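Asker: just the structure for this:
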Amino acid sequence: MKLIQIILVMLSLFLVACGGEDKPSGDEDTPGYTATLYFDALYNKNNMNIALEHATPRLARVMRSYGTPSQFTRNLVNMQFDEVTIELDMTNASLREQYGDHAKVNMVFTGYFNGEKVDDMRSVQMLRKKGKWYIDKINPDPFAR
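Answerer: Numbers count the residues shown, from 1 in each chain. Here you go, the predicted structure:
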């Protein structure tokens, strides 16, 4: 009986340790963290409501007009993925931007679409209001046709 209890306790601890949210690592008060949460909600979680929490009212209005995250990302962001890894590009990071109310954040997307590997990059304009960062604008791809 004692052995069964120990096994059950160990199994429950293992299951609890394996669960949890896939939140990005980093400082939650930075614009890069918010941008990562925003794109993770659109591409990996396919949840428009979570993404809307990280957008300015102007961008949120545009997002709602597309209806679904996949329509928004296909048409406005011009990127599609079946699965994607989102990283913050730190090569152009400026400490000065983190202390102002405006920031430009570069995001690197590595994923797959229809079985083919896709690498892409987007730049977003961020605004800070009442201490919280919001996506204000997704800059178009300068190399797109």
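Asker: tell me how far stretch 73-86 lies from the chain's centre.
Answerer: 11 Å (CA atoms, centre = their mean, to the nearest Å).
Asker: what is the end-to-end distance of that stretch?
Answerer: End-to-end span of stretch 73-86 (CA to CA, to the nearest Å): 14 Å.
Asker: residues contacting it, please?
Answerer: By CB atoms under 8 Å, 6 or more residues apart in numbering, the residues outside stretch 73-86 that reach it are 24, 36, 39-40, 42-44, 62-63, 66, 70, 107-114, 118, 120, 122, 138, 140-141, 144. (C-beta placed from N, C-alpha, C; glycine too.)
Asker: of these, which belong to strands?
Answerer: Secondary structure from DSSP state E places 107, 108, 109, 110, 111, 112, 113, 118, 120, 122, 138 of these in strands.
Asker: can you count the residues close to the second one?
Answerer: Look at residue 108: counted by other CB atoms under 10 Å, it has 15 neighbours.
Asker: what's across from it in the sheet?
Answerer: residue 87, residue 121 (DSSP bridges).
Asker: thought residue 90 was touching it, still the case?
Answerer: No: with contact defined as CB atoms under 8 Å, residue 108 and residue 90 do not form a contacting pair (9.7 Å).
Asker: quick check: closest non-adjacent residue to residue 39.
Answerer: residue 86 (5.0 Å; CB to CB, 6 or more residues apart in numbering).
Asker: burial of residue 71, as a residue count?
Answerer: 13.
Asker: read off the pLDDT value for it.
Answerer: On pLDDT, residue 71 comes in at 93.
Asker: tell me the contacts of it?
Answerer: So residue 71 contacts nothing (CB under 8 Å, 6+ apart).
Asker: before we move on, back to that, farthest pair in the ones in strands among the contacts of stretch 73-86?
Answerer: 112 and 138 (21.4 Å; CB to CB).
Asker: settle it for me: which of these two has more neighbours?
Answerer: residue 138 (23 against 13).
Asker: quick one: that one and residue 121 touch, right?
Answerer: No: here residue 138 does not reach residue 121: they are 11.8 Å apart, not a contact under CB under 8 Å.
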